[in-house]
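Visitor: Fold the following for me, if possible:
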Amino acid sequence: MPETTRRREIEDVASSLFRERGYAGTSVRDIARALDIQGASLYAHMTSKEDVLWAIVERMADRFDAAAEAALTDDAPVVGPGSRLAALVAAHVTVVTEDLQRAGVFIGEWRSLDDGHRATIAGRRDAYERRFRAIIEEGVATGSFAAVDPAVAAAVILTALNGIVEWYRPDGRVGPADLAEACADLAVRAVLAVDGPSPSD
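Guide: Presented below is the predicted three-dimensional model:
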C-alpha cells in the first residue's frame, strides 16, 4: 500500500497506543478516536489493526537491517572484531533512540503478528542476531575476546540494548550519540579478553 500522510499518522498514533496499552489492548476504535475520525474512514487507509502492526514492525526491521549493513560497510575503520561489534551496537542504539515508539512496538509486540508475519520477523531477527554472533565468534577465535559462548553473549547484548526502549528519555542527561558510544564501549568490554587489544581495535 503506497504511503500517505494519513497512513503515516495512523502508524504514529497506533505506535503510541500499542506502547501505552499493548497491541491486544488497543482497538481500531481507539486508533480512530485518537485521530478524531470515524472507524469506517480508517479502513480507507488500512485493512486491519494487524495490517498497521505489520507495517510498523516491517519498517523497523528494515531500519535495523539497513543500519547494521551500513555500520559494517561504511568508510569507518571497522576492521577488527572489537571495532565491528562496537559499530553494530552503536547502529542498533541509534535506530532505537531515533524512534522509541516504533522500536518499542517492534521489540514488544512482534509476537502479536499472525503466524506468517511472525515467522518472517522471527527469521529476520535470527539473521540479525547472527551478525553479532559471527563477530563474537571471530573475536573468540582470534583471542581478541574472552572464551565466551557467542550465542549467549549476542543474546545478552541485544537484550540489554532492546531494554533501552523502557528507560531512555530523549530529554534526559545522556544524548543519543553519547548513549550509542557508551553502549558500544560496554558491549565490547564485556567480551574483551583480559590481555586482548583495546576496545577500539
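Visitor: Now do the strands in this protein.
Guide: Shown for the chain, no strands are assigned by DSSP state E.
Visitor: quick one, longest helix in it?
Guide: helix 115-142 (DSSP state H).
Visitor: Distance from it to the middle of the chain?
Guide: 13 Å (CA atoms, centre = their mean, to the nearest Å).
Visitor: tell me which residues of the lowest-mean-pLDDT helix or strand in the chain are tucked away?
Guide: Using mean pLDDT, DSSP states H and E, the weakest-scoring helix or strand in the chain turns out to be helix 39-42, at a mean of 71. By neighbour count on 16 or more other CB atoms under 10 Å, the buried set for helix 39-42 is residue 42. The C-beta positions use only the backbone N, C-alpha and C, and glycine is treated the same way.
Visitor: elements contacting that helix?
Guide: Secondary-structure packing of helix 39-42 (3 or more CB pairs under 8 Å, 6 or more residues apart in numbering; DSSP states H and E): helix 28-35.
Visitor: What average pLDDT does the helix it packs on get?
Guide: Averaged across helix 28-35, pLDDT comes to 90.
Visitor: Could you list the residues in contact with that helix?
Guide: 9-10, 13-14, 16-17, 21, 38-39, 41-42, 48-49, 52 (CB atoms under 8 Å, 6 or more residues apart in numbering).
Visitor: change it to 7 Å
Guide: With contacts defined as CB atoms under 7 Å, 6 or more residues apart in numbering, helix 28-35 is touched by 9, 10, 13, 14, 17, 38, 39, 42, 49.
Visitor: Quick check: the two most widely separated of those?
Guide: Spanning the widest gap among those are 17 and 38, at 17.1 Å by CB to CB.
Visitor: Export the contacts of helix 28-35 as TSV, with columns for distance to residue 191.
Guide: Shown next, in TSV, are these (distance: CB to CB, whole Å):
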residue	distance to residue 191
9	42
10	41
13	40
14	37
17	38
38	54
39	50
42	47
49	40
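Visitor: What about those, which one has the most neighbours?
Guide: residue 14 (26 neighbours; other CB atoms under 10 Å).
Visitor: Give me the neighbour count for residue 159.
Guide: Number of residues near residue 159 (other CB under 10 Å) recorded here: 10.
Visitor: Repeat that for residue 160.
Guide: The local packing of residue 160 (other CB under 10 Å) involves 14 other residues.
Visitor: So for it, what's the pLDDT?
Guide: Residue 160 is given a pLDDT of 97.
Visitor: likewise residue 2?
Guide: Taking residue 2 on its own, its pLDDT is 48.
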